[in-house]
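Engineer: Need a 3D model of the sequence below.
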Amino acid sequence: MTKKNKTRFFKLAKAYSLVLCALLLSACGFKLRGDYLLDPQLQTIYLSSADKHGELTRLTKKHLQRNKVTLLANYEISHPELRILKDSLDRRTLSVFPNGQVAEYELIYTVKYQLRMDGKTPQTFTFELNRDYQDDPDIALAKSRELSLMLKEMRMEAADKILRNMASIQL
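Structural biologist: Residues are numbered from 1 along each chain as shown. As a prediction, the model looks like this:
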């Protein structure tokens, strides 16, 4: 094989590898998450919450700042207000052990928020995130840590979903 053929072979192999990687990533549902394109009217916003120091409020604020949204310190009627009304966690029993102890729960994280704008009717949104959680009383400490991590992940997903919903709003 000549040097020219080797170079051509490696270029083709490289191109095929890139195409194969792209196909594999797209086939598994992977997609890059960049900045959300929020309406210009939503680029300056006041964020309020029933729980000012709550985890969901903190994460939503962080997501807004990451997307270059200016957060107002005080409410101004000329700017929109994103109000997190409620976030709650419920659980429902999915299965039990033969001795009657709960083996598996479904965690239901509900978020209700409102977007208020001057001169318009407030828009209220509600959504739920669901996760299955297997409980094991023999390893309660580990399961407690797992539950804590799962709740943190659900809150992060909820903050992300709020921004995705805001990006889809046509004003």
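Engineer: What about Glu104? Give its phi and psi, please.
Structural biologist: Torsion angles at Glu104 (phi, psi; degrees, to the nearest 10) stand at phi -150, psi 140.
Engineer: er, Lys68 actually
Structural biologist: For Lys68, the backbone dihedrals (degrees, to the nearest 10) come out as phi 60, psi 40.
Engineer: what's Leu94 in contact with, if anything?
Structural biologist: Leu94 is in contact with Ala103, Glu104, Tyr105, Glu106, Asp132, counting by Cβ atoms under 8 Å, 6 or more residues apart in numbering. All C-beta spots, glycine's among them, are computed from the backbone N, C-alpha and C.
Engineer: ok, 7 Å please
Structural biologist: Contact analysis of Leu94 by Cβ atoms under 7 Å, 6 or more residues apart in numbering lists Glu104, Tyr105, Glu106, Asp132.
Engineer: For the protein, which residues score under the pLDDT cut-off?
Structural biologist: For the chain, the stretches with pLDDT under 70 are 1, 26-36, 171.
Engineer: Helices of the chain, residue ranges please.
Structural biologist: 3-27, 55-66, 140-167 (DSSP state H).
Engineer: Between those helices, which one is closest to Pro40.
Structural biologist: Pro40 lies closest, by Cβ to Cβ, to one member of the helices of the chain: helix 140-167, at 12.2 Å.
Engineer: what distance separates that closest one from the centre of its chain?
Structural biologist: For helix 140-167, the separation from the chain centroid amounts to 8 Å (computed by Cα atoms, centre = their mean, to the nearest Å).
Engineer: cool, and stretch 115-123?
Structural biologist: On the basis of Cα atoms, centre = their mean, stretch 115-123 sits 24 Å off its chain's mean C-alpha point.
Engineer: List the buried residues in that stretch.
Structural biologist: By 16 or more other Cβ atoms under 10 Å, the buried positions in stretch 115-123 come out as Leu115, Arg116, Met117.
Engineer: can you redo these as TSV with distance to Ser148?
Structural biologist: Shown next, in TSV, are the buried residues of stretch 115-123 (distance: Cβ to Cβ, whole Å):
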residue	distance to Ser148
Leu115	30
Arg116	33
Met117	36
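Engineer: Identify those among those that sit within strands.
Structural biologist: Members of the buried residues of stretch 115-123 lying in strands (criterion: DSSP state E): Leu115, Arg116.
Engineer: now, which of the buried residues of stretch 115-123 sits nearest Thr7?
Structural biologist: Leu115 (57.1 Å).
Engineer: surely Arg155 meets Leu56?
Structural biologist: Yes: using Cβ atoms under 7 Å, Arg155 makes contact with Leu56 at a distance of 5.1 Å.
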